[in-house]
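[1] Fold the following, please.
(2 chains)
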Amino acid sequence: GAGVSQSPSNKVTEKGKDVELRCDPISGHTALYWYRQSLGQGLEFLIYFQGNSAPDKSGLPSDRFSAERTGGSVSTLTIQRTQQEDSAVYLCASSLARNRGSYSPLHFGNGTRLTVT
Amino acid sequence: AQSVTQPDIHITVSEGASLELRCNYSYGATPYLFWYVQSPGQGLQLLLKYFSGDTLVQGIKGFEAEFKRSQSSFNLRKPSVHWSDAAEYFCAVVGASGGSYIPTFGRGTSLIVHP
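    As a prediction, this is how the structure comes out:
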């Protein structure tokens, strides 16, 4: 079946512009995660959605970053007033975990490579 | 708080040689542990996982890992490496935090395979 889909695959933007990154999770997956992967770094957790519960935003690095998930499916990560340090690969993942008290391995998309010039 | 250390940034092996990638974690209780592989331009693919039970777990592509509680380690092994195994490998630990299960990843180990 279809995996996690992210778009665009690459995005080049000028410093100060806003960008939106999209994630389509695997159908039926209720948990959705956003991570950021910078060169030579591991994966930095950004935000976690689980069903209709309030998202865990504890990893968002600043108030320029926000994310929403509409209808429990598609998610959009928005970065306002982009800075050069925002350049990274943004990875989305989803899982079958049915509620906050359970865990199921993550399935990752191929990521969006964001370059801020 | 949970954390993961992958002490080796790069590992170089010859094709056909054995491989061991190190992973040490920090977590107060028994964690869930994972290894993922990332090929260039791709997302992460799950290789294997440990939840409980047998401490030696088998994964895809001929990989295995052993959970050693006394050493807080979860090292990844393969008896004979193939050129197609060249990739970035990430170890991850999951523990419950306020009811949220959020994986913490190591910085990754880049595997280079020489012919």
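
[2] For stretch B:52-63, what is the distance to the chain centroid?
    11 Å (CA atoms, centre = their mean, to the nearest Å).

[3] mind checking the end-to-end distance for it?
    Taking CA to CA, to the nearest Å, the first and last residues of stretch B:52-63 lie 18 Å apart.

[4] With stretch B:9-27 instead?
    Rule used - CA to CA; the end-to-end distance of stretch B:9-27 is 22 Å.

[5] Equivalent analysis for stretch B:45-62, please.
    Across stretch B:45-62, the terminal residues are separated by 14 Å (CA to CA).

[6] and that stretch, which residues are buried?
    In terms of neighbour count (16 or more other CB atoms under 10 Å in any protein chain shown), stretch B:45-62 has its buried residues at B:Gln45, B:Leu46, B:Leu47, B:Leu48, B:Lys49, B:Tyr50, B:Val57, B:Gly59. Placement of C-beta: from N, CA and C, glycine included.

[7] Can you sort out which of those also neighbour chain A?
    When contact is defined as CB under 8 Å from any CB of the partner chain, the buried residues of stretch B:45-62 meet chain A at B:Gln45, B:Leu46, B:Lys49.

[8] Next step: those residues restricted to strands.
    Of the positions in these, B:Gln45, B:Leu46, B:Lys49 sit in strands, assigned by DSSP state E.

[9] So what does the closest residue to the last one other than its chain neighbours have for phi and psi?
    Of all residues not flanking B:Lys49 in the chain, B:Phe34 sits nearest, at 4.9 Å (CB to CB, 6 or more residues apart in numbering or on different chains). Note on B:Phe34: its backbone torsions stand at phi -140, psi 150 [degrees, to the nearest 10].
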